[in-house]
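Novice: Provide a 3D model corresponding to the input given below.
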Amino acid sequence: LLTAVRNWTNIPTLTGVRLALLLLAWLLARSLMLLAPEQLTAIFALDVGFDLALAVAIAIPLVQARQMKQLGIVSKIVLLGAANALFYLGALGMLEEGVRWGLYSGLYLILSLIFVMARRVVPFFIERGVGYPVQLTNHVWVDRSSLVLLLGLWLVDVFTPWAKLASLLAAALVGVHGVRLVGWYTPGVWKKPLLWVLFLGYGSAVLGFLLKALSGVLPLSPYLALHAYAVGGIGLMTVGMMARVALGHTGRSIQDPPKILVPAFVLLALALLSRVLLAWALPQWYAGWIELAAVAWISAFSLFVLAYAPMLIRPRVDGQPG
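Specialist: Numbering: from 1, shown residues only. Below you'll find the predicted structure:
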């Protein structure tokens, strides 16, 4: 986000000591949770402080550049901080439903952030990346209704007992995002790993909405939708975005991604298949599917780190800042 905002505004974002302090707040919160979990109040302050500091670091250059339309990104970071605070208030025994409210709010807010970023960049990536002229279809009504419906699903699913209404909202989201995916489809995406991973990840999030909708009429575990959101929608989309954007932001060619990405993406797809579809279709082997999903997930991200850590710890190859 900091790199993207620098590109959008042409105004420098955090570097050096200030960036190191921001990272330190994030790292300390997680290290203390492992090493000194009894210090939960200090962890609370560090973790939520990181969220708010990141929001401020993003907001300042956007305001300076008068890019007020981009402040929606900042609002989502602030809401993520609020969800984080709900979690800690619950963990501290100060809010009975805090842990559940915080975790599930965080899930929906990250999905929302992913959908917003996907709408901005995925059509651009596809049009520039398939290797032939293509004009993708985008609808304003889809852009607006998808955000409103997701807001409704979040509030209803997390804060009310109205499961049937949540299922109806999820069914509407299947239709809206299905229209978007059809408008973005072109056969050339399957020839480019950096494109099909995004298409598959987006489709996995829509699968999550479908499973959520079906849970209102069929005896489905609610965790199927949860893991379709998390393993597919968040996992595949996040690693796909990182893989593509990191190449550009380190001065490398997006037309020549590391070959190791394909097995990494396939392993993530296997984790999704095992954790959601196989666990649903063949529940008698449920524990085995969970173990397979875990091994595939860890292996996929290990391959990603192996390929990208050397790029990300060095200066850009073109000498530009970043």
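Novice: Look up the closest residue to Leu151, ignoring the ones flanking it.
Specialist: Ser112 (7.8 Å; CB to CB, 6 or more residues apart in numbering). To be clear about C-beta, it is placed using only N, CA and C from the backbone, and glycine gets the same treatment.
Novice: Let me see the contact set for the residue lying closest to Ala271 once chain neighbours are set aside.
Specialist: Residue nearest to Ala271 in three dimensions, not counting chain neighbours: Ala296, with 4.0 Å by CB to CB, 6+ apart. Ala296 sits next to 267-268, 270-271, 274 when contact means CB atoms under 8 Å, 6 or more residues apart in numbering.
Novice: buried stuff in the helix or strand Ala296 falls within?
Specialist: Element membership for Ala296 (DSSP states H and E) is helix 286-312. By 16 or more other CB atoms under 10 Å, the buried positions in helix 286-312 come out as 289, 292-293, 296-297, 299-301, 303-304, 307-308, 311.
Novice: In CSV, could you pull the C-alpha coordinates for stretch 294-306?
Specialist: Coordinates of each C-alpha in stretch 294-306 appear next as CSV, following Å, rounded to 0.1, in the frame of the first residue of the first chain:
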residue,chain,number,x,y,z
ALA,A,294,-1.9,-27.3,5.4
VAL,A,295,1.1,-29.0,3.7
ALA,A,296,0.1,-27.5,0.3
TRP,A,297,-0.4,-24.0,1.8
ILE,A,298,2.9,-24.0,3.7
SER,A,299,4.8,-25.3,0.7
ALA,A,300,3.2,-22.7,-1.6
PHE,A,301,4.2,-19.8,0.5
SER,A,302,7.7,-21.3,1.1
LEU,A,303,8.2,-21.4,-2.7
PHE,A,304,7.0,-17.8,-2.9
VAL,A,305,9.5,-16.7,-0.3
LEU,A,306,12.3,-18.6,-2.0
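Novice: where's that stretch relative to the chain centroid, distance-wise?
Specialist: Taking CA atoms, centre = their mean, to the nearest Å, the mean C-alpha location of stretch 294-306 is offset from the chain mean by 17 Å.
Novice: same question, stretch 62-78
Specialist: On CA atoms, centre = their mean, the centre of stretch 62-78 falls 19 Å from that of its chain.
Novice: Put the alpha carbons of that stretch into PDB.
Specialist: What follows is stretch 62-78, C-alpha atoms only, in PDB (Å, rounded to 0.1, in the frame of the first residue of the first chain):
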ATOM      1  CA  LEU A  62      -3.300  11.300  -0.500                       C
ATOM      2  CA  VAL A  63      -4.600  14.500   1.100                       C
ATOM      3  CA  GLN A  64      -1.500  16.400   0.000                       C
ATOM      4  CA  ALA A  65      -2.100  15.200  -3.600                       C
ATOM      5  CA  ARG A  66      -5.800  16.000  -3.200                       C
ATOM      6  CA  GLN A  67      -6.700  12.400  -4.200                       C
ATOM      7  CA  MET A  68      -9.800  12.300  -2.000                       C
ATOM      8  CA  LYS A  69     -11.400   9.400  -4.000                       C
ATOM      9  CA  GLN A  70      -8.500   7.200  -2.800                       C
ATOM     10  CA  LEU A  71      -9.300   7.800   0.900                       C
ATOM     11  CA  GLY A  72     -11.700   4.800   0.800                       C
ATOM     12  CA  ILE A  73      -8.600   2.600   1.100                       C
ATOM     13  CA  VAL A  74      -7.700   4.500   4.300                       C
ATOM     14  CA  SER A  75     -11.200   4.000   5.700                       C
ATOM     15  CA  LYS A  76     -10.800   0.200   5.300                       C
ATOM     16  CA  ILE A  77      -7.500   0.300   7.200                       C
ATOM     17  CA  VAL A  78      -9.200   2.200  10.000                       C
END
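Novice: Contacts for that stretch next, please.
Specialist: Against stretch 62-78 from outside (CB under 8 Å, 6+ apart): 1, 5, 8-11, 51-52, 54-55, 58-59, 109, 112-113, 116.
Novice: who wins for neighbours among the contacts of Ala296?
Specialist: Greatest neighbour count in the contacts of Ala296, by other CB atoms under 10 Å, goes to Leu268: 29 neighbours.
Novice: Give the closest residue to it in space, chain neighbours not counted.
Specialist: What sits nearest to Leu268 in space, not counting adjacent residues and going by CB to CB, 6+ apart, is Ala300, at 4.5 Å.
Novice: Please apply the same query to Trp162.
Specialist: Val156 (5.5 Å).
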